[in-house]
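Novice: Mind folding the following:
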Amino acid sequence: MWSSNLIGLTRNKRSNVMSMMRTVERDLQDQSEDGNEDMDDDSEVSCGVCYDILIYPTTLRCGHNFCRPCLAQWFSTSKKKECPICRQKYTDKPEINNLVRTLTEKAFKEKIEERKSTIMTPEMKKLVEDYDKAMTVSVPSNSINFNWERNRNRNGADFCSGILFMLGIMTIIYLVWYWRNTDDDLLTKKHVRHWTVEDVNSWLSSMPWTESYRENFTNKSIDGRLLLALNDEGMTSVLNVSVPLHKAAILAAIDSLRETGMKHPSDLWEYKSINPGYALFLLYGIKDYPRLTILYFYWYDYYNMFLPFVHFTCPAEEYVTNLNMYEPLSTNQKIEFFTKLVFLPYFLVAQFAWEFLSVHYWTSRFILVNCLALTVIEAANVRWLMSGGWRDTMQMLKSHGKGVLTMVLCIIVWPIIPNWICDFFFYVALYFSPYSNLEKLYKIMKGQNL
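Specialist: Model (predicted):
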């Protein structure tokens, strides 16, 4: 009894479908016989994007019909699997509606052939082929076991990611606590009159070329007070500094200590301890917008930031480490620096980090890896723009505009940001950026969109 009812329902459903097909075909034939083939009359078989008669009609799960070339163009621009009209998403591959295709080709054969010859250029055929490939999802025969295995692997990966994330947060908190408790011992926050012999030796170590003189300073027990009392004669007779250039450089550094009472920062941690907010701004600026940040140095911090940066990355032929940081730039230095700034800005940052490799052993290596990843990502973005991504220029400009606005707001509010907040985000940007950028690099190598 149940099976006979099911057979009867199936027959009724099939007869209703056949009746509907005959009715639609008869209506279309009546329209074509009456000569009403204008766009106003064939609106029921028109595309929802171009509003012209359908070619290769494709019906989405929401019921809207589109020309397949129009649907391919929409996907190539938006990169979204959704209906252009109602925005309903779809996951399976949309197929050509053969019923609509057969009926429309019977009723509007000449117009459809004309549209095909006009629209289906080699470029459009390639676009449709790319769309079909992107929509194709291979499902193996043992799909149930495959999905279960994939979900299990994904859950395992999520668990490992969660563990790594928590370990990273704990590491950042430890670094913040550690450096907050050791900042007071830095010479940049300790008056020179309170320096010990070890502090003087540490101050000299920030100038690598003084290595041969440090033992003399230690043997003569030169502390902070004696350091301030040194003059030209004492440098020669007491400490045996005989090279005139070295003597002049040490005396100039001592004069700076007399004026400020504190040591000028010579490494990353000393600079951050004095300017936590500014250091955070510089780190994010160099990471995300290196060209704009270096131009900011040029306009607003020429002598303290821009000149030393250029001398480190593009030294002159007669360059001697740390002795001419404020010398005017030569023409060759300017040409070399601005050429690298335009084409390889992260290479300049890597060169700067390389100079401090002996001072910041692990941190410099993190920066070098990050610069390598960012260079490849930038090259991939340029390739994407040249291959048609320029169509999304406005969206890209909006995204970067928000980033620049955030940097400007950071400049305004960093004096009032608590130091521990600056420290937290500083370490996140310094040690976690290489991980995130390497992940982006992996997606590029796999052919995925960022």
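Novice: quick one: average pLDDT of stretch 215-225?
Specialist: Average pLDDT, stretch 215-225: 90.
Novice: do stretch 363-379 as well
Specialist: Averaging pLDDT along stretch 363-379 gives 90.
Novice: list the buried ones in it?
Specialist: Residues of stretch 363-379 classed as buried by neighbour count (16 or more other C-beta atoms under 10 Å): 363-364, 366-377. (Each C-beta comes from the backbone N, C-alpha and C, glycine too.)
Novice: Strands of this protein, start to end?
Specialist: With strands called from DSSP state E, the chain shows them at 57-59, 65-67.
Novice: And this protein, what are its domain boundaries?
Specialist: Residue ranges for the domains of the chain, per automatic domain parsing: 36-135, 191-260, 268-445.
Novice: Which one of those domains lies nearest to Thr171?
Specialist: Ranking the domains of the chain by proximity to Thr171 (C-beta to C-beta) places domain 268-445 first, at 7.6 Å.
Novice: From the chain's centroid, how far away is the closest one?
Specialist: Distance of domain 268-445 from the chain centroid (C-alpha atoms, centre = their mean, to the nearest Å) equals 13 Å.
Novice: Quote the end-to-end distance of it.
Specialist: 33 Å (C-alpha to C-alpha, to the nearest Å).
Novice: burial count for Asp288?
Specialist: Other residues near Asp288 come to 17 when the count uses other C-beta atoms under 10 Å.
Novice: What residues does Tyr90 make contact with?
Specialist: 60-62, 81-83 (C-beta atoms under 8 Å, 6 or more residues apart in numbering).
Novice: cutoff 6 Å now
Specialist: Contact partners of Tyr90, counting by C-beta atoms under 6 Å, 6 or more residues apart in numbering, are 60-61, 81.
Novice: now do Ser206
Specialist: Neighbours of Ser206 in contact, by C-beta under 6 Å, 6+ apart: Ser266.
Novice: mind checking how far Cys62 is from Cys371?
Specialist: Cys62 sits 47 Å away from Cys371, going by C-beta to C-beta, to the nearest Å.
Novice: what do you get for Met235?
Specialist: Separation of Met235 from Cys371 (C-beta to C-beta): 40 Å.
Novice: Quick check: nearest residue in space to Gly285, chain neighbours excluded?
Specialist: Nearest non-adjacent residue to Gly285, counting by C-beta to C-beta, 6 or more residues apart in numbering: Thr293, 3.5 Å away.
Novice: quick one: that neighbour and Ile286 touch, right?
Specialist: Yes. Applying C-beta atoms under 6 Å as the test, Thr293 and Ile286 come out as touching, 5.2 Å apart.
Novice: In terms of packing, which of these two has more residues around it?
Specialist: Taking other C-beta under 10 Å, Thr293 and Ile286 do not tie; Ile286 has more neighbours (23 against 20).
Novice: Just give the number of residues close to the residue nearest to Asn231 when sequence neighbours are not counted.
Specialist: Nearest non-adjacent residue to Asn231, counting by C-beta to C-beta, 6+ apart: Leu251, 7.6 Å away. Leu251 has 16 neighbouring residues, counting by other C-beta under 10 Å.
Novice: try Pro345
Specialist: Count around Pro345 with other C-beta under 10 Å applied: 21.
Novice: Look up the closest residue to Pro315, ignoring the ones flanking it.
Specialist: Leaving aside its sequence neighbours, Pro315 is closest to Gln333 (7.8 Å, by C-beta to C-beta, 6+ apart).
Novice: distance of that neighbour from Gly234?
Specialist: Relative to Gly234, and taking C-beta to C-beta, Gln333 is found at 36 Å.
Novice: Neighbour count: the two, which is higher?
Specialist: Gln333 (19 against 15).
Novice: Show me where the stretch 1-150 of the chain has its helices.
Specialist: Applying DSSP state H, counting those that start in this stretch to the stretch 1-150 of the chain gives helices spanning 2-33, 68-78, 98-107, 109-119, 122-135, 143-182.
Novice: Least confident of the ones you listed, on average?
Specialist: Looking at these, the weakest mean confidence is helix 2-33, a mean of 47.
Novice: got a list of what Trp203 touches?
Specialist: 187, 263.
Novice: let's number from 37 now, not from 1
Specialist: Let's use 37 as the start, then, which means that last one is Trp239.
Novice: Leu222 versus that one, what's the distance?
Specialist: Trp239 sits 11 Å away from Leu222, taking C-beta to C-beta as the criterion.
Novice: now do Ile322
Specialist: Using C-beta to C-beta, which is the criterion applied here, Ile322 is 22 Å from Leu222.
Novice: same question, Thr140
Specialist: Thr140 is 79 Å from Leu222, by C-beta to C-beta.
Novice: Could you do Asp259 as well?
Specialist: Taking C-beta to C-beta, one finds Asp259 at 17 Å from Leu222.
Novice: again, but for Cys122
Specialist: 62 Å.
Novice: neighbour-wise, which of these two wins?
Specialist: Leu222 (19 against 11).
Novice: just checking, the more buried one touches Ser309?
Specialist: Yes. Assessed by C-beta under 6 Å, Leu222 is found in contact with Ser309 at 5.3 Å.
Novice: residues near Leu293, how many?
Specialist: Neighbour tally, Leu293, other C-beta under 10 Å: 20.
Novice: Would you mind measuring from it to Tyr249?
Specialist: Taking C-beta to C-beta, one finds Leu293 at 16 Å from Tyr249.
Novice: again, but for Leu266
Specialist: Leu266 is 12 Å from Tyr249, by C-beta to C-beta.
Novice: One more: Asp128?
Specialist: Where Tyr249 is concerned, Asp128 sits at a distance of 76 Å (C-beta to C-beta).
Novice: neighbour count winner among the two?
Specialist: Each of Asp128 and Tyr249 has its neighbours counted (other C-beta under 10 Å); Tyr249 has more, 20 against 11.
Novice: contacting residues for that one?
Specialist: Listed by C-beta under 6 Å, 6+ apart, the contact set of Tyr249 reads Val277.
Novice: Thanks a lot, catch you later.
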